[in-house]
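Student: Turn this into a structure:
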Amino acid sequence: MKNIIISIAIIILSSFSFASESVKLQKAPIDLDDTISLQRGARNFVNYCLNCHSASYMRYNRLTDIGLTEELIKDNLLFTSDKVGDPMAISMKYSDAKKWFGAAPPNLSVTARSRGADWIYSYLRSFYRDPSRNMGWNNTVYKNSAMPHILWELQGEQHINHETNNFKLVIPGKLSPKEYDQFIGDITNYMVFMSEPGQQKRRQMGYYVLAFLFLLLVLTINLKKEYWKNIK
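Tutor: I've put the predicted structure just below:
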């Protein structure tokens, strides 16, 4: 119960924080029907995000909803646990994380719901080199973020023109800008799925319910006509 209350408080505070920001966000390429993107996003998330951030309200076996088998999950994604039914937790202690980073990395289970997909997508694309910071990086979406740019080897090194807020890629990364945008788009897509894994099934069920109700309406109208056809 205590964890639920804390999570609700985080969502509310994050919403207020988000509302106060004036940075123009980029549109995230969200498509929850694109299972290939979701699978790539799950791989990227586990390999790059799950080292510091937990997603303890998400269980590994929910990845079967995006087309992965339990064997694939065990062989390729199950690094922090022994069973596919376990939550996506991490071994790093809260006190250690706070000591190392200045603030403990937040749980990312429902960040896509509290911050929004566009915020996540823009944030992960907006790191730039800032020598005034202890870690050497800053971010235009979340200024003075405690999170280092862990993906800098993939994206490369960006500098920013503060007058125009335009980025310039000074040192290329392992990925081209287009490939990096897809990489981040896949992570964001997966985080949207993770924040509410059952939403696609509920949406599909909703279509079936609407189709049934429409069919029932047609039958009801015809039944009414049949009962009242001889009454003047």
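
Student: Which of the residues in stretch 26-41 are classified as buried?
Tutor: Gln26, Ala28, Pro29, Ile30, Leu32, Asp34, Ser37, Leu38, Gln39, Arg40, Gly41 (16 or more other C-beta atoms under 10 Å). C-beta: built from backbone N, CA, C; applies to glycine.

Student: Please disregard the earlier target; I meant stretch 140-155.
Tutor: Thr140, Val141, Tyr142, Ser145, Ala146, Met147, His149, Leu151, Trp152, Leu154, Gln155.

Student: Mind checking which of the residues you listed land in helices?
Tutor: If you go by DSSP state H, the buried residues of stretch 140-155 have Trp152, Leu154, Gln155 in helices.

Student: Domain-wise, how is the chain divided?
Tutor: 2-197, 204-232 (automatic domain parsing).

Student: And the average pLDDT for the top helix by length along the chain is what?
Tutor: Ranked by number of residues, the top helix in the chain under DSSP H is helix 199-228. For helix 199-228, mean pLDDT rounds to 86.

Student: quick thing: my sequence starts at 509, can you match it?
Tutor: In the new numbering, first residue 509, that becomes helix 707-736.

Student: Could you check how far that helix is from the centre of its chain?
Tutor: 35 Å (C-alpha atoms, centre = their mean, to the nearest Å).

Student: what's that helix packed up against?
Tutor: The contact analysis (3 or more C-beta pairs under 8 Å, 6 or more residues apart in numbering; DSSP states H and E) places helix 707-736 against no helix or strand.
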